[in-house]
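J.: Based on what follows, work out the 3D shape:
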Amino acid sequence: MYKAFNEKLECRGYQFEIGKTYEIEGDPILCEKGFHFCRDMQKCFSYYDIRSRFCEIKAEGIIHGQDKEVSRKITIIRELSKQEIMGRITDSYYAYLWAMEIGNREVMIDRVTESKHAYWWAMEIGNHDVMIDRITESKHAYWWANDIGNQEVMIDRITNKYQRKEIEKIIGEKVLNKGKE
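T.: Numbers count the residues shown, from 1 in each chain. Next up, the predicted model:
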């Protein structure tokens, strides 16, 4: 189980220390009262900045939510290193976000597998040759063809007939212009 904190190891007015246990009076209430945490460390990124400090915790008196939980009592076991956090990132979006915010692009590049994140990686970071094969969804293929190029590669991936016609027109114009050179 994981909890995120700011750079001072604070969260919502509480100052925490590694190795200590904290408890609230009464029953915890999800999103209102108690110590919130996630079982999947990546879910913490939905609530906290990716540059936060992340710790492993032990929790008691847990109320389960959809992607976060709350407890009345937690113990801060240890802080995760950047290497450990990076090693736990498997989601395509968080891999892209980590690469943009923290770096370690060479590690994260293989974890970007979804079409939309591959498109944004190519637009903002580069590595077009690596990302081009990860573009499988029609709208991202269309965006790629418009914004990056490679219309001949992307045309077969575009299923929207209007977008496909638009890209076919660009391909046709490129062929005509090539003949004039």
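J.: Ends of stretch 84-100, what's the gap?
T.: 18 Å (Cα to Cα, to the nearest Å).
J.: For it, what does the pLDDT average out to?
T.: Averaging pLDDT along stretch 84-100 yields 94.
J.: repeat for stretch 168-181
T.: 76.
J.: What's the local residue count around Lys43?
T.: Per other Cβ atoms under 10 Å, the neighbour tally for Lys43 reads 20. (Each C-beta comes from the backbone N, C-alpha and C, glycine too.)
J.: What is the neighbour count of the closest residue to Phe54 other than its chain neighbours?
T.: Computed as Cβ to Cβ, 6 or more residues apart in numbering, the closest residue to Phe54 that is not its neighbour in sequence is Leu80, at 4.7 Å. Leu80 has 18 neighbours, counted by other Cβ under 10 Å.
J.: If I follow the layout properly, Leu80 ends up in contact with Ile57?
T.: No. Counting by Cβ atoms under 8 Å, Leu80 stays clear of Ile57, with 10.9 Å between them.
J.: okay, and the common contacts of those two?
T.: Shared contacts of Leu80 and Ile57, defined by Cβ atoms under 8 Å, 6 or more residues apart in numbering, comprise Tyr2.
J.: sorry, back to before: identify the residues contacting the residue nearest to Phe54.
T.: With Cβ under 8 Å, 6+ apart, Leu80 has these contacts: 2, 41, 54-56, 88.
J.: By neighbours, which of the residues you listed wins?
T.: In the contacts of Leu80, the most neighbours by other Cβ under 10 Å go to Cys55, 24 neighbours.
J.: could you say which helix or strand contains that one?
T.: strand 53-64 (DSSP states H and E).
J.: Okay, helices next: where are they in this protein?
T.: 82-88, 92-101, 105-108, 115-124, 128-131, 138-147, 151-154, 161-180 (DSSP state H).
J.: circling back: could you dump the contacts of Leu80 into TSV with distance to Glu23 added?
T.: Below are the contacts of Leu80 laid out as TSV (distance: Cβ to Cβ, whole Å):
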residue	distance to Glu23
Tyr2	19
Met41	23
Phe54	21
Cys55	17
Glu56	18
Arg88	27
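J.: list the contacts for Ile132?
T.: 122, 144, 150, 153.
J.: change it to 7 Å
T.: Shown in contact with Ile132 (Cβ atoms under 7 Å, 6 or more residues apart in numbering): 150, 153.
J.: and the gap between it and Glu124?
T.: 15 Å (Cβ to Cβ, to the nearest Å).
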